[in-house]
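Engineer: using only what follows, build the 3D model:
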Amino acid sequence: MKTKVAVLSNHSLMDKIKHFCGVDISKSFFDVVDQDGKHDQFSNDVKGFKGLLKFI
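Structural biologist: Numbering: from 1, shown residues only. As a prediction, this is how the structure comes out:
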């Protein structure tokens with residue numbers, strides 16, 4: 001099995017990102033905190049991922 005590794009340069013996608021979030025995932029839930037400290041918890045299922053899309 002080959003592993004692909006993305007190498008980020010000075011003109012990479014990271015230069016274009018404007019907003020960061022931290023995510024902690026467990027079997028039943030996942031917690032998301034944005035760079036402003038806003039926190040929410042979602043169920044680890046389709047409903048939760050739809051909620052995440054609204055959050056971000």
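Engineer: residues in contact with whatever helix or strand Asp40 lives in?
Structural biologist: Following DSSP states H and E, the helix or strand that holds Asp40 is strand 39-43. Under the criterion Cβ atoms under 8 Å, 6 or more residues apart in numbering, residues 28-33, 48-49, 51-52, 55 lie in contact with strand 39-43. C-beta: built from backbone N, CA, C; applies to glycine.
Engineer: paired strands for it, with orientation please.
Structural biologist: Sheet pairing of strand 39-43 (DSSP bridges) gives strand 29-34 (antiparallel).
Engineer: mean confidence (pLDDT) on the partner strand, please.
Structural biologist: Mean pLDDT, strand 29-34: 93.
Engineer: same question, stretch 45-56
Structural biologist: 92.
Engineer: how far does the strand holding Asp40 sit from the chain's center?
Structural biologist: When C-alpha coordinates are averaged (Cα atoms, centre = their mean, to the nearest Å), strand 39-43 and its chain have centres 12 Å apart.
Engineer: quick revisit: can you select the buried ones from the contacts of strand 39-43 in ChimeraX?
Structural biologist: Buried residues among those (16 or more other Cβ atoms under 10 Å), as a ChimeraX selection:
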select :30,32,48
